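Participant: Dropping the sequence and predicted coords here.
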Amino acid sequence: MTKEQVIVTAAQMRDIEGRIFAAGMPVAALMEKVARLISDRLQAMIPQGQRVGILVGPGHNGCDALVVARELHFRGDQVWIYQPFTKLKELTSQHFQYAQSLGIPCYQKLEELPSCDFLIDGLFGFGLEREITEPIASAINHFNEWNQPIFSIDLPSGLHTDTGEILGTAIRANHTFCLGLWKQGLLQDQALAHIGKAELIDFDIPLADIHAVLGDVIKVKRITAKTALATLPLPRPPVTHKYKEGHLLLICGSRRYAGGAILTGLGARASGVGMLSIAVPESIKPLLVSHLPEALIIGCPETETGAIAQLQLPDNTDLSSFSAIACGPGLTKDAMPIVQQVIASPVPLILDADALNILAQLGTIPTLQQRQAATVLTPHTGEFHRLFPDLPYTNRVNAVQTSAEQTGAVILLKGARTAISNPQGVVWINSESTPALARGGSGDVLTGLMGGLLAQIANQQTTIEDVVATAAWWHSQAGILAAAERTELGVDAFTLTQYLIKVLLVWNQP
Ligand SMILES: NC(=O)C1=CN([C@@H]2O[C@H](COP(=O)(O)OP(=O)(O)OC[C@H]3O[C@@H](n4cnc5c(N)ncnc54)[C@H](O)[C@@H]3O)[C@@H](O)[C@H]2O)[C@H](O)CC1
Ligand SMILES: [K+]
């Protein structure tokens with residue numbers, strides 16, 4: 001476990017901090033250390049001699065900002081301070097007094113503020129406990145309208161540390177220096193528009209203190225390149241054969257949605273899976289053969305509407321002969337019997353798209369209770385609400401945890417920051433992605449990719465949730481790479497499939 005992986009709530013951060021202080025670290029010394037690290041980063045990013053406005057709050061977030069103000073002042077920047085509060089915490093008050101003694105201009109009223117080139121936001125950190133009210137709310141809105149870049153200390157002031165909710169109003173930062181450990185709120189979709197580029201400032205929190213507060217099993221963690229790459233089935237053993245590298249059955253497509261089946265197949269192809277079988281309605285079989293010549297395309301009898309009516313597997317094959325099944329993209333809701341059939345099979349199973357809508361109709365929790373093997377559900381927000389209509393959703397991390405605990409499935413809740421939970425409530429968050437992936441067909445690619453990985457890894461020690469997290473990371477990295485080369489508008493789902501292997505080449509370089 002690395003500190004980059006850990007995600008904490010405000011209460012957990014406070015407990016960790018409390019242990020450090022109880023062990024003898026003076027509060028003021030830690031403050032100096034943290035703020036010096038922030039100053040060093042700022043000095044690397046802001047040219048010397050700039051006009052810098054520092055927004056100072058009543059607590060230790062404000063204290064961090066005051067130390068930064070002092071450091072920037074001494075290196076020759078033109079610093080001013082906005083501090084509109086009447087009551088400050090003691091250490092904050094001392095630093096404020098010292099800043100004044102240095103002749104740094106300090107203002108209480110918005111109207112008096114001079115212009116500046118950069119703003120540093122130290123109004124509130126993880127101590128924000130209620131909605132921001134006037135006059136601070138108006139001040140924040142005002143700063144958001146300035147065109148100067150804003151650097152937020154710990155988190156943009158106004159964001160709830162755990163849920164990422166906006167408490168009244170919140171700073172819209174261009175850059176956020178998250179202190180010590182990643183705060184959960186910074187990895188929630190609703191906060192993203194306020195965070196800008198986020199960076200962790202490591203100030204040497206001892207691992208022992210992290211474990212003492214969070215336990216041996218870290219319950220909420222970030223997916224990192226290192227953990228994702230470690231789960232890939234690379235390198236292959238020197239002696240192997242195609243069936244040893246997994247046999248994936250995809251069940252997807254309809255006359256109406258043939259493209260979804262192709263994209264799912266291309267996602268699976270990129271996974272390197274040993275054998276790929278794709279069950280589709282008979283009428284689209286030739287199309288699939290032409291796009292995926294290496295796959296075994298199984299043409300199935302179809303309904304009048306062009307959905308798969310019945311799975312017709314080749315002789316001597318039944319569902320249990322596959323290493324994994326992925327079912328759903330492009331199926332339409334007319335394929336209910338097929339979904340029931342795969343749910344009854346003893347094979348690791350991914351359900352996506354229409355299979356999720358069908359599962360919701362069947363009744364999510366009682367239906368999944370029949371499952372003997374592992375199940376993965378990959379809903380987006382709309383599908384999640386249909387599957388779990390009674391679950392509160394303000395905190396996506398809690399929502400995904402509860403859904404996994406209730407169903408015994410691994411749940412991947414799609415979003416700008418996709419969250420994955422296993423049935424024990426351990427959550428992985430994919431912390432890097434791109435809005436370029438918000439496009440039809442992108443989810444189909446993920447399902448195929450994940451299915452192919454699951455099939456290859458099904459018999460190994462790796463857990464299902466590690467495979468799901470790895471697929472999510474790989475998929476979004478392909479989006480990031482494609483967007484870097486082709487812009488965020490250039491990442492259609494087919495193009496995305498072409499970038500999957502490139503991700504491995506980029507990350508495997510020495
Ligand atoms: N994590 C660490 O180990 C370190 C954290 N540091 C910094 O300290 C802040 C947290 O400091 P704290 O004093 O606990 O809280 P805040 O600065 O966020 O502010 C709390 C302050 O504000 C009052 N308050 C709360 N809500 C409101 C509101 N809506 N309106 C007005 N006032 C409000 C509250 O009563 C308190 O007085 C952390 O984020 C880091 O930036 C240090 O760097 C040391 C290491
Ligand atoms: K802040």
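Facilitator: Yep, it's here. Numbering: from 1, shown residues only. Ligands and ions are numbered 1, 2, ... in the order given.

Participant: all contacts plus neighbour counts: C-alpha atoms, from now on.
Facilitator: Noted.

Participant: can you pull out the helices in the stretch 351-500 of the chain?
Facilitator: When assigned using DSSP state H, counting those that start in this stretch, the helices of the stretch 351-500 of the chain occupy the ranges 354-362, 364-368, 381-387, 396-407, 442-457, 464-486, 493-507.

Participant: Just name the shakiest helix or strand of the chain by mean pLDDT.
Facilitator: Counting by mean pLDDT, DSSP states H and E, the chain has its least confident helix or strand at helix 225-231, which shows a mean of 93.

Participant: Break down the stretch 151-300 of the chain into its strands, ranges please.
Facilitator: With DSSP state E, counting those that start in this stretch, the ranges of strands along the stretch 151-300 of the chain come out as 175-179, 182-183, 197-201, 220-223, 247-251, 275-281, 296-300.

Participant: ditto for the stretch 301-450 of the chain
Facilitator: Ranges of strands in the stretch 301-450 of the chain, per DSSP E, counting those that start in this stretch, are 324-327, 349-351, 375-377, 410-413, 419-421, 427-430.

Participant: between these, which gets nearest to ligand 1?
Facilitator: Closest to ligand 1 of the strands of the stretch 301-450 of the chain, according to C-alpha to the nearest ligand atom: strand 427-430, at 20.9 Å.

Participant: Which strands or helices does that closest one pack on?
Facilitator: Under the contact definition 3 or more C-alpha pairs under 8 Å, 6 or more residues apart in numbering; DSSP states H and E, strand 427-430 sits against strand 220-223, helix 396-407, strand 419-421, helix 464-486.

Participant: Please repeat the previous calculation with a cut-off of 6 Å.
Facilitator: For strand 427-430, the packing partners by 3 or more C-alpha pairs under 6 Å, 6 or more residues apart in numbering; DSSP states H and E come out as strand 220-223, strand 419-421.

Participant: And the contacts of it?
Facilitator: When contacts are defined by C-alpha atoms under 6 Å, 6 or more residues apart in numbering, strand 427-430 is touched by residues Lys219, Val220, Lys221, Arg222, Ile223, Arg417, Thr418, Ala419, Ile420, Ser421.

Participant: picking that back up, as TSV, the strands of the stretch 301-450 of the chain with mean neighbour count, distance to Ile20 and mean pLDDT would be great.
Facilitator: Conversion of the strands of the stretch 301-450 of the chain to TSV gives the following (neighbours: other C-alpha atoms under 10 Å; distance: least, C-alpha to C-alpha, whole Å; pLDDT from 0 to 100):
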stretch	mean neighbour count	distance to Ile20	mean pLDDT
strand 324-327	30	47	98
strand 349-351	28	44	98
strand 375-377	24	40	98
strand 410-413	27	35	98
strand 419-421	30	30	98
strand 427-430	26	26	97
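
Participant: any chance of these in CSV, with distance to Pro114 too?
Facilitator: What follows is the strands of the stretch 301-450 of the chain, written out as CSV (distance: least, C-alpha to C-alpha, whole Å):
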stretch, distance to Pro114
strand 324-327, 60
strand 349-351, 57
strand 375-377, 54
strand 410-413, 45
strand 419-421, 43
strand 427-430, 40
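
Participant: Now render the ones you listed as JSON lines, adding distance to ligand 2.
Facilitator: As requested, those are arranged in JSON lines below (distance: least, C-alpha to the ion, whole Å):
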{"stretch": "strand 324-327", "distance to ligand 2": "44"}
{"stretch": "strand 349-351", "distance to ligand 2": "41"}
{"stretch": "strand 375-377", "distance to ligand 2": "36"}
{"stretch": "strand 410-413", "distance to ligand 2": "28"}
{"stretch": "strand 419-421", "distance to ligand 2": "25"}
{"stretch": "strand 427-430", "distance to ligand 2": "23"}
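
Participant: which parts of this structure sit against ligand 1?
Facilitator: Residues of the chain that fall close to ligand 1, judged by C-alpha under 6 Å from any ligand atom: 13, 17, 30-31, 34, 58-62, 64, 124-132, 153-154.

Participant: Can you select the buried ones among these for me in ChimeraX?
Facilitator: In ChimeraX syntax, the buried subset of the residues of the chain next to ligand 1 is picked out as below (16 or more other C-alpha atoms under 10 Å):
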select :13,17,30,31,34,58,59,60,61,62,64,124,125,126,127,128,132,153,154
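
Participant: And for the least confident helix or strand of the chain, what's in contact with it?
Facilitator: Contacts made with helix 225-231 from outside it, assessed by C-alpha under 6 Å, 6+ apart, are listed as Thr470.

Participant: Give me the pLDDT value at the residue in the stretch 151-300 of the chain positioned nearest to ligand 1.
Facilitator: Per C-alpha to the nearest ligand atom, the residue of the stretch 151-300 of the chain with the smallest distance to ligand 1 is Asp154, at 5.1 Å. We note a pLDDT of 98 for Asp154 in this prediction.
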